[in-house]
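Participant: below is the sequence, then the predicted model.
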Amino acid sequence: MNQNYKYEIIIYWSGEDNRYIAEVPELAGCMSDGFTYEETLKNVELIISEWIETAKDLGREIPIPKCRKLAYA
């Protein structure tokens, strides 16, 4: 990833697709896939950069990362 973006990334296994799926909830439609967890993370980091570049080119607002705080019991 070119920038140091701090967006939440959700990665899960899809038995239907037989690969990992990565979604970025804060960036509408921003998702990727891969055969390994590591490949999926690398792919989605590239897609985040491309999503942001496209939004800038179109003059669209780029969401500020929400940065969740973890709570421990």
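Facilitator: Sure, I can see it.
Participant: the spatially most central residue of the chain - nearest residue in space that isn't next to it in sequence?
Facilitator: Centroid-nearest residue in the chain, with CA atoms, centre = their mean: residue 24, separated by 3.6 Å. Nearest residue to residue 24 in three dimensions, chain neighbours excluded: residue 30, at 4.0 Å (CB to CB, 6 or more residues apart in numbering). (Glycine included, C-beta is placed from N, CA and C.)
Participant: now swap in residue 55 and tell me
Facilitator: Spatial nearest neighbour of residue 55, chain neighbours left out: residue 62 (5.2 Å); criterion: CB to CB, 6+ apart.
Participant: that neighbour contacts residue 56, correct?
Facilitator: Yes. Here residue 62 lies in contact with residue 56, judged by CB atoms under 8 Å, at a distance of 7.0 Å.
Participant: and those two? which has more neighbours close in?
Facilitator: Set side by side, residue 62 and residue 56 show more neighbours around residue 62, with 13 against 10, by other CB atoms under 10 Å.
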